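Enquirer: I need the structure of the sequence given here:
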Amino acid sequence: MDDSNAFNIYFFENESMRGLFQMIDDWQHEHKRRLLSTSILRDGDLFCCIALSNPSEVVIVDGSGPLKATVERGRLITIERP
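Expert: This is a model prediction of the structure:
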């Protein structure tokens with residue numbers, strides 16, 4: 001069973017920053033997914049990247065329509081209007 005929400009951490013490594021960039025760019029085009037954050041460090045002679053993808057369960061809302069979500073005083077407020 002394919003569950004795109006099951007995994008959202010990825011590891012890439014390459015001998016050069018240019019090569020690492022190309023690997024990540026290719027991965028994004030192939031999987032049609034954005035990366036939420038990346039951390040790139042050297043590990044010996046390699047450039048390594050640990051990346052988090054934007055899980056598909058995250059829904060971005062604009063507050064229009066019958067469903068609305070806002071943040072008030074640090075709390076998430078959801079409203080369903082008839």
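
Enquirer: partners of the helix or strand of the chain with the lowest mean pLDDT in the sheet?
Expert: Of all the helices and strands that make up the chain, strand 67-72 has the lowest average by mean pLDDT, DSSP states H and E, namely a mean of 73. Next to strand 67-72 in the sheet, as set by DSSP bridges, lie strand 75-80 (antiparallel).

Enquirer: ok now the strand it pairs with, how far from the chain's centre?
Expert: 23 Å (C-alpha atoms, centre = their mean, to the nearest Å).

Enquirer: How far does the least confident helix or strand of the chain sit from its chain's centre?
Expert: Distance, centroid of strand 67-72 to centroid of chain: 22 Å (C-alpha atoms, centre = their mean).

Enquirer: for stretch 25-44, same thing?
Expert: With C-alpha atoms, centre = their mean, you get 9 Å for stretch 25-44.

Enquirer: can you give me the mean pLDDT across it?
Expert: The pLDDT scores in stretch 25-44 average 92.

Enquirer: contacts for it?
Expert: 8, 10, 12-13, 17, 20, 24, 47-54 (C-beta atoms under 8 Å, 6 or more residues apart in numbering). Just so you know, the C-beta spots here come from the backbone N, C-alpha and C atoms, and that holds for glycine as well.

Enquirer: could you redo the last one with a cut-off of 7 Å?
Expert: 20, 47, 48, 49, 50, 51, 52, 53, 54 (C-beta atoms under 7 Å, 6 or more residues apart in numbering).

Enquirer: State the pair within the residues you listed that is farthest apart.
Expert: Spatially, the most separated pair among the contacts of stretch 25-44 is 47 and 54, at 22.7 Å (C-beta to C-beta).

Enquirer: Have a look at those two and say which one is more surrounded.
Expert: Counted by other C-beta atoms under 10 Å, residue 47 and residue 54 do not tie: residue 47 has more neighbours, with 19 against 13.

Enquirer: chain center to whichever strand or helix holds the more buried one: distance?
Expert: Using DSSP states H and E, residue 47 maps to strand 46-53. Its chain's C-alpha centre and that of strand 46-53 lie 12 Å apart, by C-alpha atoms, centre = their mean.

Enquirer: list the buried ones in that strand?
Expert: Residues of strand 46-53 classed as buried: 47, 49, 51, 53 (neighbour count, 16 or more other C-beta atoms under 10 Å).
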